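Trainee: For reference, the sequence and a predicted model appear below.
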Amino acid sequence: MKRYLGVLIVLWLLFPGSGSAGKLTVGVAYAPAAIPRSEVMPENPVNDNYHSIPMVAPEKVYEPESHYVILEGTDQGAPADETVRLRGLSVDRSYVILKLNGKLLLENEENIDRQFTIVDDSGIVTKEFSVGPSASVPYNFTRVGNYTFIDNYNPTGKIYVKVLASCIIFPLRGPSIKIDLPALAPGSYALKIFYAFRQLFQEDFSMVGDSVLAVNYRIMNREVYRDDSTTFTGGRIVPLSSGSAAPAPGGAESTGTGSPRDQR
């Protein structure tokens, strides 16, 4: 017993802050944005001053892709699986972000077989993948990188998958999400918010000692606003930098930095 206590004392002397952890609470509220008419019907009706053809305005179409909250700097937590539904020769969404060892579940809602070719970011075909009629088949990602699922019957129908490590990924599946991390080790972190592969927001911070950080964000019209809800007790939060943006889905990722869009 004395020897055991002696070992604990030595470890405490060598790593005095190793048993200290902070608490992070993040709330995100999301109001779905309608896609502008220019994206649904980019060309204006032709007016030849003679024919009068009634036009039916297209119904509102809301953002088809998902938002993700990603915390970089920690690897705790199990990966969240994602689902893409196959409808006709199309898909209900095209961009998915997963953590290493996460699964993509393809749900075939049709009574026809769907065949895909999976290509990695080097352009090498990694696998031929089949989803039977009215079946659901998972695909497990065991290494990081970018993957493209190409529909063999409809080559324009593609699913893009980005697989990350050393992070926690929280898909935003409804109008709001609350993230509670009661034991976040001291260190530097980056909190990012994505729409599909487009980075909308980034805020870097460091957790020191037994700090407590609570912050809320709102996503409206593809903009991210941070509420004045930051609180710290029992330690300190040190902001490092903030802001980042990336091109629209399908483009290359941005490596630039800017400033977050704070709502005061």
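Mentor: Nice, I can see it. Treat the numbers as computed from the prediction; the structure is a model and nothing was measured.

Trainee: List the buried residues in stretch 170-181.
Mentor: Residues of stretch 170-181 classed as buried: 170-172, 177, 181 (neighbour count, 16 or more other CB atoms under 10 Å). C-betas here are computed from N, CA, C, even on glycine.

Trainee: Next: stretch 62-69.
Mentor: 63, 65-69.

Trainee: Out of those, which is nearest to Glu107?
Mentor: Glu107 has its nearest neighbour among these in Ser66, at 15.2 Å by CB to CB.

Trainee: Next one: the residue lying closest to the closest one once chain neighbours are set aside from Leu106, what distance?
Mentor: With sequence-adjacent residues excluded and distances taken as CB to CB, 6 or more residues apart in numbering, Ser66 is closest to Pro171, at 5.7 Å. Distance of Pro171 to Leu106, given as CB to CB, to the nearest Å: 16 Å.

Trainee: Help me confirm that the residue nearest to Ser66 comes into contact with Asp81.
Mentor: No: the pair Pro171 / Asp81 is not scored as a contact, 9.3 Å apart, by CB atoms under 8 Å.

Trainee: coming back round to it: sitting in strands, which of the buried residues of stretch 62-69 do you find?
Mentor: Within the buried residues of stretch 62-69, residues falling in strands by DSSP state E are 67-69.

Trainee: What are the buried residues along stretch 75-93?
Mentor: Neighbour-count burial for stretch 75-93, with 16+ other CB under 10 Å as criterion, is recorded at 79-80, 82-84, 86, 91, 93.

Trainee: do stretch 192-212 as well
Mentor: Buried residues in stretch 192-212, counted by 16+ other CB under 10 Å: 192-208, 210-212.

Trainee: Checking the residue nearest to Ser66 next. Helix, strand or coil?
Mentor: At Pro171 the chain is in strand, as set by DSSP: H, G, I helix; E, B strand; the rest coil.

Trainee: so what's it bridging to?
Mentor: On the basis of DSSP bridges, Pro171 is bridged to Tyr68.

Trainee: residue contacts, it?
Mentor: By CB atoms under 8 Å, 6 or more residues apart in numbering, the residues touching Pro171 are 66-68, 80, 82, 97.

Trainee: Let's have the residues you listed in CSV, adding distance to Thr148 and pLDDT.
Mentor: Shown next, in CSV, are the contacts of Pro171 (distance: CB to CB, whole Å; pLDDT from 0 to 100):
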residue, distance to Thr148, pLDDT
Ser66, 17, 93
His67, 21, 95
Tyr68, 18, 97
Ala80, 21, 90
Glu82, 15, 97
Ile97, 14, 98
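
Trainee: Out of the residues you listed, flag the one nearest to Ala135.
Mentor: Nearest to Ala135 out of the contacts of Pro171 is Glu82 (CB to CB; 17.3 Å).

Trainee: thinking that closest one is in contact with Lys99, fair?
Mentor: No: with contact defined as CB under 8 Å, Glu82 does not count as touching Lys99 (10.1 Å).
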